[in-house]
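Take a look and give me a structure for this.
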Amino acid sequence: MASPHLPDLLWSIIEPLLPPEPPKPRGGRPRVSSRAALTGVLFVLRSGIPWEMLPLEMGCGSGITCWRRLRDWQAAGVWTRLHHELLRRLRDADRIDWSRACVDSSSIAAKKGGAATGPNPTDRGRPGTKRHLATDRQGIPLAFLLTGANVHDSMPFEELIDTIPAVTGKRGRPRRRPDKLHADKAYDHKRCRDACKHRNIQPRIARRGQETSQKLGRHRWVIERSFAWINRFRRLTIRYERRIDIHHALTTIACSFICLRALVGGF
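Numbers count the residues shown, from 1 in each chain. Purely as a prediction, here's the structure:
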């Protein structure tokens, strides 16, 4: 049943994280299975179709059923735990490169508005949402934040660094700080450098008026590739979800897929 959309390995990781199904003392119609509902969620995420157009022939239930299940699982913290579990497995396999990390942002249109939206200065002031992303040296997503498109990149910088979870998976203390952090000239502020130094991270931030962008290909290009990977999930190229929790859930799932690919076969 639609196995290409939900690999067995991914399901084996997600299934223990799901909350138990609520009892139905009064009976009623059989509940759509969790795996079927998740398959529907992933189909919408990958294809970008509206929820109400989810094909019934897939056996995933209606689009609104899948949407509600996604909402409930987000409220239960399933997707955050999934991302953290995949990061744990990556560290256990020695696949996370903490020697360098990168941060950057990317804006997308938010046609329906909602929380974490704002006038996009690069899109004639139309509503937009900005993704702030932190990756390791290879482009594996470590953490992200969502803000309005009018929020300057440097403002949530410290919060973004602190959002990187403490990743276990090896003997010793969990790891959450990279050795170096690369960022472009938008982060060329004293508070950003001080935030790095306070956390024992060596800042590698381009300086305005002094450095060119010619060295982008050496280190920071990986995060641009990560944004491209996220945009392969067509539901995320534009923010269609008015509710921020739904858009956050879909973004977390996309980041988890990238982690899964790195875990299975690398890039």
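
so what secondary structure elements neighbour the biggest helix by length in the chain?
Of all the segments of type helix in the chain, defined by DSSP state H, the longest one is helix 244-264. Helix 244-264 sits against helix 8-14, helix 34-47, helix 63-75, helix 78-92, strand 141-148, helix 221-231, with contacts defined as 3 or more CB pairs under 8 Å, 6 or more residues apart in numbering; DSSP states H and E. Placement of C-beta: from N, CA and C, glycine included.

Can you give me the buried ones in it?
244, 246-260, 262-263 (16 or more other CB atoms under 10 Å).

residues contacting A101?
A101 makes contact with A134, T135, D136, R137, L142, P178, K180, L181, H182, I201, according to CB atoms under 8 Å, 6 or more residues apart in numbering.

Just the element for it, please.
A101 belongs to strand 100-109 when assigned by DSSP states H and E.

List the pairing partners of that strand within its sheet, with orientation.
As defined by DSSP bridges, the strand partners of strand 100-109 come to strand 127-136 (antiparallel), strand 180-183 (parallel).

A183 contacts C192, correct?
Yes: counting by CB atoms under 8 Å, A183 does reach C192; the two are 7.2 Å apart.

list residues touching both of these two?
Counting by CB under 8 Å, 6+ apart, the contacts common to A183 and C192 are F157, P203, I205.

Check the burial of the nearest residue to I201 once chain neighbours are set aside by counting its neighbours.
Leaving aside its sequence neighbours, I201 sits nearest to L181 (CB to CB, 6 or more residues apart in numbering; 5.1 Å). Close neighbours of L181, defined as other CB atoms under 10 Å, add up to 24.

for R220, same thing?
Neighbour count of R220, defined by other CB under 10 Å: 20.

Over to N231?
By other CB under 10 Å, neighbour count at N231 equals 15.

Assess the claim that it and T237 are in contact.
Yes: judged on CB under 8 Å, N231 makes contact with T237 at a distance of 5.1 Å.

before we move on, back to that, show me the one in the shared contacts of A183 and C192 that has more neighbours than the rest.
Greatest neighbour count in the shared contacts of A183 and C192, by other CB under 10 Å, goes to F157: 26 neighbours.

these two touch, right, that residue and R199?
No: at 11.4 Å, F157 does not count as touching R199 under the criterion of CB under 8 Å.
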